[in-house]
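[1] Have a look at this fold, sequence not included:
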C-alpha cells in the first residue's frame, strides 16, 4: 500500500500533521498542498481539536521547498495557478481560529519556510536551516514568502534572504524574528508538546479572539485595530470561559475551559 502523504494524530486536544514525503524532503506538490488544505479545514471544524502542530517526517526536513520536478514542466498560467493554490492553503492556516505551531525539525526552505511562516508560532531545532532560495532557480517566492518575511523581520532582512537565496541558521532566524524559539534537536518534540499542551488548556474563544485581533490589526490602521480589539474584548464577557477564568482566579484554583 502507498504511504499517506499526511500522517494525522490527535491526542489531548492536539492534532499533529506530519508531511510524509521524507524521500523527497517533504517537498510540496499539488497533492500535498491539497491534503494540507483539507486537513486544516477539518481541524477548524473539529471541536475536539484545540491546537495544531505541523511538522515533516524524517530527520532532515520540515519541508525543503516546493517540488521542483513538478514545477519544471509548468506553463506560465499553470505556474500562477500553482502559486495561488499554495497561497490559499497557507492563508487558511494563517486564518485558522485555533493556534498552529510549526515544529521545524530540519530544512525549511522556499515553500517550506513560507509554510512555516503561515503558522502562528514556530519552534525550530538548533540544527534547522531556513531560507528563500528561489533566486537560485530563476524564480521568486510564490507562496507569500516576500510578504510574510517583510511583516516578520522587516525590509532589510527580507531583501537579504530573498536576493541572496542563502539559508540561515535557526539561531539567526530567531534573532531576525522569523522563529519564536530554538531548542536542541533532541528536545524539539518535547518542547513543542509542552507549548501545545499549554495552548490546548487555554480558553479556546479567547485564543480565537487573539488570533483575529492580530490578523485584522496587522492589516489595518491603529485606530481600527484598537476598535476591533475592544469589540473582541467585550465579546469575551458573553462566554462561560470568561466567568470560569475570573472565578478561578478569585477562588485561587486552576480554571477548566470548555470553549463556551
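    Noted; the coordinates are in hand. Every value quoted in this text rests on a predicted model; they were computed, and no experiment measured them. Residues are numbered from 1 along each chain as shown.
[2] What residues sit buried inside the lowest-mean-pLDDT helix or strand in the chain?
    The weakest-scoring helix or strand in the chain, judged by mean pLDDT, DSSP states H and E, is helix 68-71 (a mean of 91). Within helix 68-71, the residues scored as buried using 16 or more other Cβ atoms under 10 Å are residue 71. For the C-beta atoms, the positions are set from N, CA and C on the backbone; glycine is no exception.
[3] which residues touch whichever helix or strand comes after it?
    Remark: after helix 68-71, the chain's next helix or strand is helix 76-94, criterion DSSP states H and E. Contact partners of helix 76-94, identified using Cβ atoms under 8 Å, 6 or more residues apart in numbering, comprise 28, 30, 33-34, 36-37, 40-41, 44, 54, 66, 71, 74, 100, 111, 114-115, 118-120, 142-144, 215.
[4] From the residues you listed, list the buried ones, please.
    Counted by 16+ other Cβ under 10 Å, the contacts of helix 76-94 give 28, 33, 36-37, 40, 54, 66, 71, 100, 111, 114-115, 118-120, 142-144 as buried.
[5] so of the residues you listed, which ones are in strands?
    54, 100 (DSSP state E).
[6] Quick check: residue 62 touching residue 105?
    Yes. Using Cβ atoms under 8 Å, residue 62 is in contact with residue 105, at 5.6 Å.
[7] neighbour-wise, which of the two wins?
    The neighbour comparison of residue 62 against residue 105 (other Cβ atoms under 10 Å) goes to residue 62, with 30 against 25.
[8] Show me where the stretch 101-250 of the chain has its strands.
    When assigned using DSSP state E, counting those that start in this stretch, the strands of the stretch 101-250 of the chain occupy the ranges 107-109, 121-125, 129-131, 168-169, 181-183.
[9] Those into JSON lines, with extra columns for mean neighbour count and distance to residue 4?
    Formatted as JSON lines, the strands of the stretch 101-250 of the chain follow (neighbours: other Cβ atoms under 10 Å; distance: least, Cβ to Cβ, whole Å):
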{"stretch": "strand 107-109", "mean neighbour count": "26", "distance to residue 4": "22"}
{"stretch": "strand 121-125", "mean neighbour count": "25", "distance to residue 4": "24"}
{"stretch": "strand 129-131", "mean neighbour count": "24", "distance to residue 4": "26"}
{"stretch": "strand 168-169", "mean neighbour count": "18", "distance to residue 4": "32"}
{"stretch": "strand 181-183", "mean neighbour count": "18", "distance to residue 4": "28"}
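[10] Out of those strands, flag the one nearest residue 200.
    Among the strands of the stretch 101-250 of the chain, strand 121-125 comes nearest to residue 200, with 13.1 Å by Cβ to Cβ.
[11] Hey, what's the angle from the closest one to strand 100-104? Just curious.
    Strand 121-125 runs at 20 degrees relative to strand 100-104, counting by axes from the mean of the first three to the mean of the last three Cα atoms, to 10 degrees.
[12] Check which helices and strands strand 121-125 is in contact with.
    strand 100-104, helix 170-176, strand 181-183, helix 188-200 (3 or more Cβ pairs under 8 Å, 6 or more residues apart in numbering; DSSP states H and E).
[13] packing partners for the second one?
    The one in question is helix 170-176. strand 121-125, strand 129-131, helix 145-164, strand 181-183.
[14] Thank you, goodbye.
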